[in-house]
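Trainee: Okay, sequence plus prediction incoming.
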Amino acid sequence: MRFFRRGGAQLARIDGLDPRADCVEIARLSYRYEFPFDHQRATELALVRTFAIPSISRILVQSGEFIARTQKRFDDTEILLTNLVEKGFEHPDGKLVIRKMNRMHRRFDIDNDDYLYVLSTFVAEPVRWNRRHGYRPMSRNEIEGLFHFWREVGRRMAIDQLPATAEEMLEWNDAYERENMVYAEENRAVCEPVLDALLAKVPHALRPRAHQLVLSTFDDRLLDALGYLRPPARLRALASAAIRARNRVDARLPHREPRLMSDVPRPSYPEGFELQDVGADRHGAFDSRDP
């Protein structure tokens, strides 16, 4: 088993790649080697941010999936996204993931800007999280590679008006949130069961405190739109300091070659899964014959 020191181990390789042509490799190295903990937390937070947009949360309440089958939908989301990032959009599994996402969404009347916002969170949230908690800043190539990866996913999902640069996408994301991230009852109704799923492994007696720690990583705009009280400033500072300290220590320790997150067992699939069976349309499991 090969060991390596995580902190910056792949940075020289990443910075030697072309952020557009090699965006799949840059995303894979960044997610799997450089910032696995941070990108996983940022992806979870990106999902939560979409719940704070009423036009999105109302569709999720309408579908009922994240409320009635929270753990399975959460597991499905992680499985689909990790397969897409670790294998790329040209891989057969990546193509299957995009087909699945298109099938899940096409039965709802979703505005293009809402599609674009969800996509933009997968760029904006890792950048934001890194600025607050990263053991080192993401390099320009890492940010550009991440942007081009998700932009190409958006193109393959037929999302219109995709920003041309990473800066434009980050600015668009912020402007969209300032206008659309507002409180609605549906926001909280979708978010609460997902937070419970995130904390499922925490001992029951510790969950209220863990819940507050999670909320301490949310910014004021997100907290207000979800209807949560703002945690005390001291708790928020403590949570941020603890994450940064954890990341600095972790970056200096030797690590085994990481396993593929797309293969990690999930609570909803204790005996494993076939990718073609993950996710659901209106009637349940996907028909693998669907184009």
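Mentor: Thanks, I have it. Numbers count the residues shown, from 1 in each chain.
Trainee: C-alpha from now on. contacts and neighbour counts both.
Mentor: Fine.
Trainee: if I read this right, Ala210 contacts Leu198, doesn't it?
Mentor: No. Shown here, Ala210 and Leu198 do not form a contact pair, counting by CA atoms under 8 Å, at 10.1 Å.
Trainee: do you know how far Val85 is from Val97?
Mentor: Per CA to CA, to the nearest Å, Val85 is found 10 Å from Val97.
Trainee: same check, this time on Leu206
Mentor: In this structure, Leu206 and Val97 are 36 Å apart, going by CA to CA.
Trainee: likewise Arg188?
Mentor: For Arg188, the distance to Val97 equals 28 Å [CA to CA].
Trainee: now Arg236
Mentor: Applying CA to CA, one obtains 36 Å for the distance of Arg236 from Val97.
Trainee: Same check on Tyr117?
Mentor: As for Tyr117, its distance to Val97 is 19 Å (criterion: CA to CA).
Trainee: Tell me where this protein has strands.
Mentor: Taking DSSP state E as the criterion, the chain carries its strands at 3-5, 254-256.
Trainee: elements contacting the last one?
Mentor: Packed against strand 254-256, as judged by 3 or more CA pairs under 8 Å, 6 or more residues apart in numbering; DSSP states H and E, are the following elements: strand 3-5.
Trainee: any idea of the mean pLDDT for the strand it packs on?
Mentor: Strand 3-5 carries an average pLDDT of 54.
Trainee: next one: stretch 226-236
Mentor: The model assigns stretch 226-236 a mean pLDDT of 96.
Trainee: same thing with stretch 9-25?
Mentor: Across stretch 9-25, pLDDT averages out at 94.
Trainee: got the contact list for Glu65?
Mentor: Listed by CA atoms under 8 Å, 6 or more residues apart in numbering, the contact set of Glu65 reads Arg73.
Trainee: Point to the residue nearest the middle of this protein.
Mentor: With distances taken as CA atoms, centre = their mean, Thr43 lies nearest the centre of the chain, 1.9 Å away.
Trainee: That residue: what's its closest spatial neighbour, skipping adjacent residues?
Mentor: Taking CA to CA, 6 or more residues apart in numbering, and ignoring the residues beside it in sequence, Thr43 has Phe122 as its nearest neighbour in space, at 6.5 Å.
Trainee: And for Asp15?
Mentor: Closest residue to Asp15 apart from its sequence neighbours, by CA to CA, 6+ apart: Asn141 at 5.6 Å.
Trainee: Where does pLDDT dip in the stretch 101-250 of the chain?
Mentor: In the predicted model, the stretch 101-250 of the chain carries no residue with pLDDT under 70.
Trainee: all helices for it, in order.
Mentor: Secondary structure of the stretch 101-250 of the chain (DSSP state H, counting those that start in this stretch): helices at 112-133, 140-156, 166-180, 185-198, 207-215, 220-226, 233-252.
Trainee: Now do the buried residues in the fourth one.
Mentor: Using 16 or more other CA atoms under 10 Å as the test for burial, helix 185-198 gives 186-195, 197.
Trainee: Quick one: residues in contact with it.
Mentor: For helix 185-198, the surrounding residues in contact (CA under 8 Å, 6+ apart) are 48, 51-54, 57-58, 60-61, 66-67, 70-71, 74, 211, 225-227.
Trainee: Need the pLDDT of the closest residue to Phe89 other than its chain neighbours.
Mentor: Nearest residue to Phe89, sequence neighbours excluded (CA to CA, 6+ apart): Lys95, at 5.6 Å. Turning to Lys95, the model gives it a pLDDT of 95.
Trainee: can you count the residues close to Lys95?
Mentor: Other residues within reach of Lys95, judged by other CA atoms under 10 Å, total 18.
Trainee: And the one 10 residues further on, by the same measure?
Mentor: Neighbour count for His105, taken as other CA under 10 Å: 13.
Trainee: show me what contacts Asn102?
Mentor: When contacts are counted by CA under 8 Å, 6+ apart, Asn102 is found next to Met157.
Trainee: what's the distance between it and Val153?
Mentor: Shown here: Asn102 relative to Val153, a distance of 11 Å by CA to CA.
Trainee: And Val24, by the same measure?
Mentor: If you go by CA to CA, the gap between Val24 and Val153 works out to 11 Å.
Trainee: Compare those two (neighbour count), which wins?
Mentor: Neighbours of Val24 and Val153, each counted by other CA under 10 Å, are more numerous for Val24; the result is 24 against 19.
Trainee: Any idea how many residues pack against Gly88?
Mentor: 21.
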